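**Student:** Got a predicted structure plus its sequence, pasted below:
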Amino acid sequence: MTSATGRTALELRGVTKRFGTATALDGASLVVRAGTLHAVLGENGAGKTTLMRVAFGMLRPDAGEILVEGTPRRLTSPADAIAAGVGMVHQHFTIVPAMTVAENVALGGRGRYDAAAAAARVRAVAERTGLALDPAAVAGSLGVAAQQRLEIVKALARDARTLILDEPTAVLTPAESRELLGWLRTFVDDGHTVVLVTHRLRDALAFADDVTVLRRGRTAGALGTADATEARLAELVLGEPPPPPAPRGAAAPGAVVARAVGLRVVDARGVERVRGATLEVRAGEILGLAAVEGAGQHELLRALAGRTAASAGTLERPERAGFIPEDRHRDALLLDASLTENVALHGAGARRGLVPWRALGRRTADLLARFDVRAPGPRASARSLSGGNQQKLVVARELAADATPPPLLVAENPTRGLDVRATAAVHERLRAARDAGAAVVVHSTDLDEVLALADRVVAMYGGRVTDVPADREAVGRAMLGLDADPQLDRADRV
Ligand SMILES: Nc1ncnc2c1ncn2[C@@H]1O[C@H](COP(=O)(O)OP(=O)(O)OP(=O)(O)O)[C@@H](O)[C@H]1O
């Protein structure tokens, strides 16, 4: 399956990078064979993003060497990396939303902007690679998957032979992820090289040729996927055998905590996304909400959490609700504020009088320790934490407010971007909240995660909710609307 040649496309030797007193990389190494897809794994904060930024010339290492296609390079900026044939697609996109696809691709190029030439370039890349994009489309109007395609096209238009992608599937739906990974495989089979940062061990096993695992800034292992198993990779990531799966089954649920009847919710653009949803959730149960992207689950969860108002129908919900939103940057964190200030946001609306900063600082330090958030301390900015550790902070804040969890806890993709250990820890916290009497509603794009967590499952399709047995096939059918009542659907479309 590989078109490897025995040459190396990219080599990082003994790379060390410190941020103040924190050591993000401590002599890490990475050897990427030309013509292979190389997965980089590691728990949150292991140094994956930092190592990729070094390889792309965004960060200068304190020590270590970089070789591109066998030649030692001093990369002082991304422009140097691009000139050496290395491209990178970041976790958070770098496109300019108000500009067209062609303008975005031309940005950073040399000379005057020539619209016709830029459009021709986009079309040429599309023809060569199969990554179709309309050169005249405004970048901000594209969906997430198309914006990501634009990032890739930008790199390829600059003749990248080695493409680095930092957790590209974290923002995609399962179908989009499969499509991207399939495309990357073809790209590699055509003789290019891909470095893929991911938390999904299964994706690494299915699509990569080689794997490098980072742990606490060092290279913990490098191996071919032919010799790897999921358990072996998990052990390398964690530094110990993975914990056994938690036992299932809860006590009988209690009283109804939240109830929606015929609920309708309109999104920010005025489109009705929840179209007559009826459901209830009880104390002491985890209700799993299964849905494919855009089925209305995002708006329903926000309404349940009290973050958005319903346009029709009734909704009974407790005043206090915990919310773990999908987009932590937009909805959960002030990136330039300290961790203590971010913890202080919880319940800020209900607080009267002076903010007890000293107590909040102590509480934040306690949360960091209890939830294994890797950070230098409560005064660090949220921005300086790795993506996974930011998410752990949000979860800690929402779940550990006091000894008692909120009566209702709503979570949307709570483990997105989290490593194996942190994922297991969040699952355990959600179960603990349930066992302490909270009503928990969880949606995950990963159906297996919904099924693993939920005591009861409902599926959402076309803005409506149906009860389904917790059986993979039945849930899958309901999510795709295969069992939906065609009469109802037609009536609603009118
Ligand atoms: N600009 C920065 N300032 C201070 N510390 C930083 C900075 N960038 C990264 N770090 C620290 O370096 C360490 C490695 O972070 P990095 O983002 O490389 O991890 P990662 O393996 O990509 O994690 P994740 O899977 O959570 O994205 C973390 O402890 C992080 O807090």
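**Tutor:** Arrived safely.
**Student:** Quick check: nearest residue in space to residue 179, chain neighbours excluded?
**Tutor:** residue 145 (7.7 Å; C-beta to C-beta, 6 or more residues apart in numbering). All C-beta spots, glycine's among them, are computed from the backbone N, C-alpha and C.
**Student:** what's the burial count for that neighbour?
**Tutor:** 18 (other C-beta atoms under 10 Å).
**Student:** Next up, the contacts around it.
**Tutor:** By C-beta atoms under 8 Å, 6 or more residues apart in numbering, the contact list for residue 145 reads 172-173, 176, 179-180.
**Student:** Model confidence score at it, please.
**Tutor:** On pLDDT, residue 145 comes in at 85.
**Student:** Now do the helices in the stretch 51-200 of the chain.
**Tutor:** Along the stretch 51-200 of the chain, counting by DSSP state H, counting those that start in this stretch, helices occupy 78-83, 101-106, 115-129, 144-157, 174-189.
**Student:** contacts for stretch 181-192?
**Tutor:** Here stretch 181-192 makes contact (C-beta under 8 Å, 6+ apart) with 1-3, 35-37, 129-131, 160-163, 165, 169, 194, 196, 203, 206-207, 209.
**Student:** Sitting in strands, which of the residues you listed do you find?
**Tutor:** The strands, defined by DSSP state E, take in 37, 162-163, 165, 194, 196 from those.
**Student:** can you list the helices of the stretch 51-200 of the chain in JSON lines and add distance to the ligand?
**Tutor:** Supplementary listing: the helices of the stretch 51-200 of the chain in JSON lines, determined by distance: least, C-beta to the nearest ligand atom, whole Å:
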{"stretch": "helix 78-83", "distance to the ligand": "16"}
{"stretch": "helix 101-106", "distance to the ligand": "25"}
{"stretch": "helix 115-129", "distance to the ligand": "27"}
{"stretch": "helix 144-157", "distance to the ligand": "17"}
{"stretch": "helix 174-189", "distance to the ligand": "17"}
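**Student:** State the distance from the residue positioned nearest the centre of the chain to the ligand.
**Tutor:** For the chain, residue 170 is the residue whose C-alpha lies nearest the centre (C-alpha atoms, centre = their mean; 3.4 Å). From residue 170 across to the ligand, the span is 9 Å (C-beta to the nearest ligand atom, to the nearest Å).
**Student:** Let me know how buried the nearest residue to that residue once chain neighbours are set aside is, in neighbour terms.
**Tutor:** Using C-beta to C-beta, 6+ apart and skipping residues adjacent in sequence, the residue nearest residue 170 is residue 417, 5.2 Å away. If you count neighbours by other C-beta under 10 Å, residue 417 ends up with 21.
**Student:** in stretch 465-479, what's buried?
**Tutor:** Residues 465-466, 468, 475, 477-479 are the ones in stretch 465-479 that count as buried (16 or more other C-beta atoms under 10 Å).
**Student:** nearest to residue 237, of the residues you listed?
**Tutor:** For those, the closest approach to residue 237 (C-beta to C-beta) belongs to residue 475, at 28.8 Å.
**Student:** Check the secondary structure at the closest one for me.
**Tutor:** Judged by DSSP: H, G, I helix; E, B strand; the rest coil, the three-state class of residue 475 is helix.
**Student:** Quick check: it vs the ligand, distance?
**Tutor:** For residue 475, the distance to the ligand - C-beta to the nearest ligand atom - is 29 Å.
**Student:** Contacts for stretch 442-449, please.
**Tutor:** 173-174, 286-291, 293, 297, 301, 411-416, 430, 450, 453-454, 472, 475-476, 479.
**Student:** got it, and stretch 420-432?
**Tutor:** Contact with stretch 420-432 is made by 43-44, 199, 201, 234, 237-238, 242-243, 246, 250, 286, 371-372, 388, 391-392, 395, 399, 405, 409, 411, 414-415, 418, 440, 442, 452-453, as judged by C-beta under 8 Å, 6+ apart.
**Student:** Get me the contact residues on the protein for the ligand.
**Tutor:** Counting by C-beta under 6 Å from any ligand atom, the residues of the chain close to the ligand are 19, 22, 24, 42, 44-50, 374, 384-389.
**Student:** 5 Å instead, please
**Tutor:** Residues of the chain lying close to the ligand by C-beta under 5 Å from any ligand atom are 19, 24, 44-50, 374, 384-388.
**Student:** Most neighbours of all those residues, which one?
**Tutor:** residue 48 (30 neighbours).
**Student:** That one and residue 198 touch, don't they?
**Tutor:** No. Using C-beta atoms under 8 Å, residue 48 makes no contact with residue 198, being 9.0 Å away.
**Student:** Overlap in contacts, the two.
**Tutor:** Common contact partners of residue 48 and residue 198 (C-beta under 8 Å, 6+ apart): 40-41.
**Student:** residues touching the closest residue to residue 286 other than its chain neighbours, list them.
**Tutor:** Using C-beta to C-beta, 6+ apart and skipping the chain neighbours, the partner closest in space to residue 286 is residue 440 (4.4 Å). Taking C-beta under 8 Å, 6+ apart, we find residue 440 in contact with 281, 285-287, 408-411, 430, 433-434.
**Student:** which among the contacts of stretch 442-449 end up buried?
**Tutor:** For those, burial is judged from neighbour counts taken by 16+ other C-beta under 10 Å, and it is met by 173, 286-291, 297, 301, 411-416, 430, 450, 453-454, 475, 479.
**Student:** Which of these fall within strands?
**Tutor:** Filtering the buried ones among the contacts of stretch 442-449 for strands - DSSP E - leaves 286-290, 411-412.
**Student:** Now tell me what touches the helix or strand harbouring residue 273 from outside.
**Tutor:** For residue 273, the host element (DSSP states H and E) is strand 272-282. The list of residues contacting strand 272-282 from outside it, by C-beta under 8 Å, 6+ apart, reads 253-267, 287, 296, 298-300, 303, 310-311, 313, 408, 439-441, 458, 460, 462-465, 492.
**Student:** mind giving me the domain split of the chain?
**Tutor:** Residue ranges for the domains of the chain, per automatic domain parsing: 8-238, 256-493.
**Student:** A helix includes residue 213, no?
**Tutor:** No. Looking at residue 213 with three-state DSSP, it is strand, so not inside a helix.
**Student:** just to revisit the earlier point, tabulate the contacts of residue 440 (TSV), appending pLDDT and distance to residue 354.
**Tutor:** TSV is the format used below for the contacts of residue 440 (pLDDT from 0 to 100; distance: C-beta to C-beta, whole Å):
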residue	pLDDT	distance to residue 354
281	96	36
285	95	39
286	96	38
287	97	39
408	94	29
409	94	29
410	95	30
411	95	32
430	91	33
433	89	30
434	92	35
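**Student:** The ligand: which of these is nearest?
**Tutor:** residue 411 (18.3 Å; C-beta to the nearest ligand atom).
**Student:** picking that back up, could you say which of the helices of the stretch 51-200 of the chain is packed most deeply?
**Tutor:** helix 101-106 (a mean of 24; mean count of other C-beta atoms under 10 Å).
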